[in-house]
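Trainee: got a predicted model here, sequence first, then my questions.
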Amino acid sequence: MNWRLIPSSSVPTPGQMAYDAELFKRFKAGEPPILRFFHFERPTLTLGRLEARRLDLEALSYPCEIRPTGGRAVLHGAGDLCYSIVAGTKDPLVGGELLESYRKISGLLSYALRGLDREVRLSEERHAGLEAGHCFSAPSFAELVLNGKKVAGGAQAREGGVFLQQGVILLSVDEGWKTLFPEAAGGGMAGLNDGKPLPPLSRMDVERAIVAAFEETGVEFEKHRAITETRII
């Protein structure tokens, strides 16, 4: 299975959400799926496309970008790694109906993180209709939890036999979460490095582990092409 890999060092910020939207728009079913990693150079809020319509964006205390997928607010800081996957809905590794696809991807992520000595598991809970708060208010079906606390979240958009999944994995919980969302102080979220007597993980540690987990399934990653902002060269 051939895939295209875009490592986190490849895309300048800001403009991450626009870049994912462009990858999604240009992708055609049957092309090699894409696995991309990225992070934000300064604290930034991302908002699901529907949530953004309900908020006064000019009143937000952080710069923000609108995700082409759904979901609630996410504050991206120094302690997280983001990923996106673009693939056909019939892809044998990550495709299927929405929940099936989401669970397949979460399974690969959890396998990678357990290889880094983090006992991550998939949540079996469903929290339908949660509109208030933020993405990490509670785990939903097949999201990643560590010691009962949510450490990763994601959302999908689908169109014409193609899907885009965007997600974020927390290495640590930025203090800004508690300022923006007082409920975050309740402890429902956690980072992979929080409260663990283990060597801390870097973004690159997590990125490499996820790539290796995909490769164990038979994926062969193509060398990524050079990119500039939201344009593929």
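Mentor: Looks like it came in fine.
Trainee: buried sites along stretch 89-99?
Mentor: For stretch 89-99, a neighbour-count test (16 or more other Cβ atoms under 10 Å) marks 89, 91, 93-96 as buried. From N, CA and C alone the C-beta is placed, and that goes for glycine too.
Trainee: correction: the previous question concerned stretch 19-29.
Mentor: 19-24, 27.
Trainee: among the residues you listed, which are in helices?
Mentor: Counted as lying in helices by DSSP state H, out of the buried residues of stretch 19-29, are 19-24.
Trainee: sorry, back to before: mind putting the buried residues of stretch 19-29 into a markdown table with distance to Glu159 and pLDDT?
Mentor: Output for the buried residues of stretch 19-29, formatted as a markdown table (distance: Cβ to Cβ, whole Å; pLDDT from 0 to 100):
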| residue | distance to Glu159 | pLDDT |
| --- | --- | --- |
| Tyr19 | 17 | 93 |
| Asp20 | 13 | 95 |
| Ala21 | 11 | 95 |
| Glu22 | 14 | 95 |
| Leu23 | 13 | 95 |
| Phe24 | 8 | 96 |
| Phe27 | 10 | 97 |
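Trainee: could I get these as JSON lines with distance to Gly218?
Mentor: Listed next are the buried residues of stretch 19-29 as JSON lines, based on distance: Cβ to Cβ, whole Å:
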{"residue": "Tyr19", "distance to Gly218": "27"}
{"residue": "Asp20", "distance to Gly218": "25"}
{"residue": "Ala21", "distance to Gly218": "29"}
{"residue": "Glu22", "distance to Gly218": "28"}
{"residue": "Leu23", "distance to Gly218": "23"}
{"residue": "Phe24", "distance to Gly218": "24"}
{"residue": "Phe27", "distance to Gly218": "21"}
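Trainee: can you give me the strands in this structure?
Mentor: 2-6, 34-38, 44-48, 64-67, 74-76, 80-88, 120-122, 144-146, 149-150, 152-159, 162-170, 220-222, 227-228, 231-232 (DSSP state E).
Trainee: show the pLDDT at the most centrally placed residue in the chain.
Mentor: For the chain, the residue nearest the mean C-alpha position is Gly167 (1.2 Å; Cα atoms, centre = their mean). According to the prediction, Gly167 has pLDDT 94.
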